[in-house]
Each structure stands twice: as structure tokens, then as C-alpha cells.
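have a look at this fold, sequence not included:
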């Protein structure tokens, strides 16, 4: 399993790797050897073990959902901003130039 970028594997394959690693851990294999066998770090193996201990087998399933920072604007504010950007130009706000964008260029 070494030299494989886990981010390129499908969710189901990554889950299967986690399940097999925990089964090997139950059989007595230590985290260092698990990390070598499955081509990951000990830190990740310990995270899998912690997730398994806290949530059982379900804790090893791929977690879905958005990651990253939460949006600063509400959906309504985002829609209003899009409308403003499509219908108004910087000239409407009193600027002398069009800020480097050609007048005929659509947003």
C-alpha cells in the first residue's frame, strides 16, 4: 500500500483500509506497523483508533459535508450582492474609471 496517495482513492476504498487496519489492531498489531502496512502515519492510525473507540465501526466511515470556513454572508445577502454586481458598475458609485475592466466585458 506504500506510495499511494490516499486522497485519490474512493471513499469506499479508504473506509475498507480503515476497517482492515482496526481489525489488524484488534489482532495485536501496533500502530507503527499498521502505519507502515497501510502507507500512512502513526498519527492517522491513532486517529482511526480514537474514532473507532468513540463511535465504533460507524466512526470509521467517510465523513461528508462541507469543510473550511463558514460563509460570512447569508444566502440572501449573497444573492443581493450578485444582483448588484450584475446590474451596477463602478461608475454608478462615482468612480471616474471602470477599474480596469472593459465596458463590454460581461460579469
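Great, that's in hand. Keep in mind that what you see is a predicted model, and the values were worked out from it rather than measured. Numbers count the residues shown, from 1 in each chain.

quick one: buried residues of the helix ranked longest in the chain?
Scanning the chain for the longest helix, with DSSP state H as the assignment, gives helix 11-26. By 16 or more other Cβ atoms under 10 Å, the buried positions in helix 11-26 come out as 14, 17, 18, 21, 22, 24, 25. C-betas here are computed from N, CA, C, even on glycine.

starting at the chain centroid, how far to it?
On the basis of Cα atoms, centre = their mean, to the nearest Å, helix 11-26 sits 20 Å off its chain's mean C-alpha point.

what's it packed up against?
Judged by 3 or more Cβ pairs under 8 Å, 6 or more residues apart in numbering; DSSP states H and E, the packing partners of helix 11-26 are helix 31-38, helix 42-55.

give the next helix or strand downstream of the last one.
Just to be clear, that refers to helix 42-55. helix 75-87 (DSSP states H and E).

which stretches of the chain have low pLDDT?
The chain contains residues with pLDDT under 70 at 1-6, 65-67, 96-107.

returning to that earlier point: now the helices and strands packed on helix 11-26 in JSON lines, with distance to residue 85?
What follows is the helices and strands packed on helix 11-26, written out as JSON lines (distance: least, Cβ to Cβ, whole Å):
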{"stretch": "helix 31-38", "distance to residue 85": "48"}
{"stretch": "helix 42-55", "distance to residue 85": "42"}
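
count of neighbours near residue 72?
Residue 72: 7 surrounding residues under other Cβ atoms under 10 Å.

how close does it sit to residue 81?
Using Cβ to Cβ, to the nearest Å, we find residue 72 at a distance of 11 Å from residue 81.

for residue 92, same thing?
15 Å.

from residue 85, how far off is the nearest residue to residue 81 once chain neighbours are set aside?
Among residues not flanking residue 81 along the chain, residue 73 sits closest, at 6.8 Å (Cβ to Cβ, 6 or more residues apart in numbering). From residue 73 across to residue 85, the span is 13 Å (Cβ to Cβ).
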